[in-house]
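>>> Build the 3D model from these lines:
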Amino acid sequence: MTVLAHEVAAVPSGAATVTSADQETAITSVTAAVAGDVEAALALADHQPAGEASVRLRERLREHVRTLAVPAERYADLLPESRQKDIATATVRFARKVARDCGTDPAIALRLLAKSAAHLARYTDLLRQA
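The predicted structure is shown next:
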């Protein structure tokens, strides 16, 4: 499988490092890299969705969604025509929409952004495994 430069750049820093074939390769799950923000967002949504930490976290999740949408979309494009492809394509489209505007309720915004980032991270991991 070929990984394009923009796909590597789209992965959150610290999530994955791929070195040349002659060097040792270290690959960390993108899902694991995003998991901390997802977990924090879901907890804050229940307890303190409008605080300053929540605002910063929503922005970080928006950035995760924007960057992970590129490789997640590539993963969806590589799937054969099927219900799975339709779901993956719709998930990427919805995640981008959520990143642009997720309404005014901070708790709902945290949950939507967290789940969107988690799904896109999973698709990015699946692209790497392909």
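>>> so Val38 sits in a helix?
Yes. Counting by DSSP: H, G, I helix; E, B strand; the rest coil, Val38 is part of a helix.
>>> correct me, but it touches Ala117?
Yes. Using C-beta atoms under 8 Å, Val38 is in contact with Ala117, at 5.9 Å. Where you see a C-beta, it was placed from the backbone N, CA and C, and this is true even at glycine.
>>> Compare the two and say which is more crowded by neighbours.
Ala117 (31 against 23; other C-beta atoms under 10 Å).
>>> Check the gap between Arg58 and Gly103 for me.
Going from Arg58 to Gly103 by C-beta to C-beta, to the nearest Å gives 11 Å.
>>> Leu127 too?
From Leu127 to Gly103 the distance is 29 Å (C-beta to C-beta).
>>> ditto for Ala53
19 Å.
>>> Same check on Tyr75?
From Tyr75 to Gly103 the distance is 27 Å (C-beta to C-beta).
>>> Which one of the two is surrounded by more residues?
Using other C-beta under 10 Å as the criterion, Tyr75 and Gly103 rank with Tyr75 on top: 24 against 9.
>>> SS state for the residue lying closest to that one once chain neighbours are set aside?
Using C-beta to C-beta, 6 or more residues apart in numbering and skipping the chain neighbours, the partner closest in space to Tyr75 is Leu127 (4.0 Å). State at Leu127, reduced to three classes by three-state DSSP: helix.
>>> so who does Leu127 touch?
Glu7, Pro71, Ala72, Arg74, Tyr75, Leu78 (C-beta atoms under 8 Å, 6 or more residues apart in numbering).
>>> tell me which element the fourth one is part of?
Per DSSP states H and E, Arg74 falls inside helix 52-78.
>>> Name the residues of that helix that are buried.
54, 57-58, 60-62, 64-76 (16 or more other C-beta atoms under 10 Å).
>>> what about the helix or strand following it, average pLDDT?
Using DSSP H and E, the helix or strand that follows helix 52-78 in sequence is helix 83-100. Helix 83-100 shows a mean pLDDT of 98.
>>> Now do helix 83-100: everything it contacts.
Contacts of helix 83-100 (C-beta under 8 Å, 6+ apart): 62, 65-66, 69, 72-73, 75-77, 79, 112-113, 116-117, 119-120, 123.
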